[in-house]
Each structure stands twice: as C-alpha cells, then as structure tokens.
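[1] Turn this into a model:
(one chain, ligands or ions: 1)
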Amino acid sequence: MSDGAEKRRILVVEDEETIRRGLCDVLAYQGYAPNGVETGEDGLREALANGYDLVVLDLMLPGMNGFDVCEAVRAALPDQPILMLTARGSEEDVLAGFARGADDYVTKPFSVSELVARVQALLRRSGRVRAEDQPAFEFGRWKVEPASGRARCGDASLELSPRELAILALFVRESGRIVSRRMLLHEVWGFSNPEKIETRTVDMQIGKLRRKIDLGEASAIETIRGAGYRYTAGRG
Ligand code: CA
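    As a prediction, the model looks like this:
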C-alpha cells in the first residue's frame with residue numbers, strides 16, 4: 001500500500017501449485033501480503049506460529065486435510081478468520097467445514113471477483129478492515145469515497161460518518177440480498193450478541209441515512225418486513 005499502512009497477511013494452504021500461485025498473485029495484486037504453503041501440516045504450523053489476518057484453506061490436501069487443519073487452528077485461535085475452498089456442489093463439505101469452524105467458503109472453480117469479495121467480507125467482519133480503508137464505490141447514483149468520508153452525485157456532495165460508510169459498504173457488498181438487523185448490528189456496530197440489543201437503533205440510523213442520501217426519490221434501501229433491509233445496485 002502506498003500510504004505505508006501494514007498489509008493484511010493471508011495464509012494460503014493449497015497443494016495444487018497452479019491454484020496456490022494464482023491465489024497468491026491475485027491477493028498480492030489486491031494489496032494483501034499472501035504466503036502460500038503446500039500441506040496441511042505446514043499450514044497449521046504457519047497459522048499458529050506467525051499470526052495471519054486470514055487463512056485460505058483448501059479442503060482436499062494430502063496428509064492432514066482441510067477439516068483437520070481448520071479444527072486445530074480454531075481450537076488454538078478462536079477468532080482466526082478461515083475461508084475454506086471446497087468442490088462445487090459439495091454441500092456436505094460446506095456444512096462440515098462450518099461445523100469444524102470455517103467462517104465462509106468459496107467453491108472451486110471460483111472467479112477472481114468472487115474470491116476477492118469473500119476475502120474482503122471476512123476481513124471486514126473480523127474487524128480487521130476499517131470502512132475508511134475501502135476503495136471508492138457506487139451507491140445508487142452516488143460515488144462514495146471512504147478515504148475522504150464523502151459521497152458525490154453531480155454537484156451534490158455530502159459528508160458521511162464512519163458508521164454510515166460502513167452501512168453503505170455492507171449494502172453494496174450484499175446487493176440484492178436481504179441484510180438483517182442482526183447482521184447490521186454485528187458488522188457495523190460490532191455487537192457480538194445482537195439478539196439482545198434493541199433493533200430500533202438500526203431503524204433510526206437507516207431512516208436518517210435514507211433522508212440523507214436518497215435525493216428525494218424512491219429509496220434505494222428497501223425495508224423487508226420482519227427481516228431487515230435490501231439494497232439492489234442499479235436501482236434508486
Ligand atoms: Ca487440493
């Protein structure tokens with residue numbers, strides 16, 4: 001990173017050399033500091049010894065497999081974000097991965113954009129990426145610039161708080177999907193046990209954000225009754 005900020009370190013555990021190299025190249029290009037290892041044993045040793053922001057873990061490894069590595073890492077490092085690579089259509093593997101402590105998964109063969117999106121989401125969820133560190137993005141007709149804390153649309157420009165930035169970034173990331181109040185409380189407010197928290201605070205914050213950014217048209221942020229909210233890119 002040009003500003004000298006420390007790069008997020010990502011451990012890639014994958015025995016297939018072309019995939020391992022491809023992953024490391026993509027992650028390095030995205031501004032992360034990847035380190036690739038070939039076996040589950042090496043992956044476990046590295047993860048425990050050198051403290052990574054994220055572990056990308058292939059499931060099918062010779063020797064110690066991804067499930068066992070995942071379980072061992074999780075036992076030693078309860079907060080370690082782990083992204084598992086599974087074979088397409090193997091729902092049992094995904095469920096087993098979650099049961100052994102994986103946070104998320106990507107199925108092979110994966111697209112670069114899909115992988116990068118899941119990596120960013122996991123790092124953000126784990127609180128290791130601040131909204132202000134995100135690149136500029138589109139929200140409806142607005143161009144949101146996290147670094148300056150502003151959004152622009154034609155001649156209009158407005159200031160956004162870190163919380164508002166985090167909400168908009170979350171909606172864009174989950175575009176077209178329902179975002180529950182629980183997810184918002186977890187990811188934006190950082191509550192680890194949000195069921196117990198009054199969700200009215202979320203509704204008030206969203207109401208305020210709508211009035212601020214919706215330019216008087218139909219809201220880009222839909223309310224989904226009994227569930228939460230939904231933003232769909234290309235609308236509003
Ligand atoms: Ca493999």
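[2] Any figure for the gap between the spatially most central residue of the chain and the ion?
    Geometric centre of the chain, nearest residue: residue 121, 0.4 Å, by C-alpha atoms, centre = their mean. Residue 121 sits at a distance of 23 Å from the ion (criterion: C-beta to the ion, to the nearest Å). C-beta here means a position set from N, CA and C on the backbone, and glycine is covered the same way.
[3] neighbours of residue 105, just the number please.
    By the measure other C-beta atoms under 10 Å, the count of residues near residue 105 is 20.
[4] Which helix or strand contains the residue nearest to the centre of the chain?
    Secondary structure from DSSP states H and E places residue 121 in helix 112-125.
[5] what's the answer for residue 222, then?
    Using DSSP H and E, residue 222 maps to strand 221-224.
[6] ok, and what's touching the very next helix or strand once past that strand?
    Later in the chain than strand 221-224, the nearest helix or strand by DSSP H and E is strand 228-231. Contacts to strand 228-231, defined as C-beta atoms under 8 Å, 6 or more residues apart in numbering, come from residues 139, 171-172, 174-184, 206, 220-224.
[7] Provide the strand pairings for strand 228-231, with the direction of each partner.
    strand 178-180 (antiparallel), strand 221-224 (antiparallel) (DSSP bridges).
[8] Can you check which of the ones you listed gets nearest to residue 152?
    strand 221-224 (18.8 Å; C-beta to C-beta).
[9] Report pLDDT for the closest residue to residue 174 other than its chain neighbours.
    Spatial nearest neighbour of residue 174, chain neighbours left out: residue 231 (7.4 Å); criterion: C-beta to C-beta, 6 or more residues apart in numbering. The model reports residue 231 with a pLDDT of 90.
[10] hang on, the earlier thing: ok, the residue nearest to the centre of the chain to residue 152 distance?
    Using C-beta to C-beta, to the nearest Å, residue 121 is found at 25 Å from residue 152.
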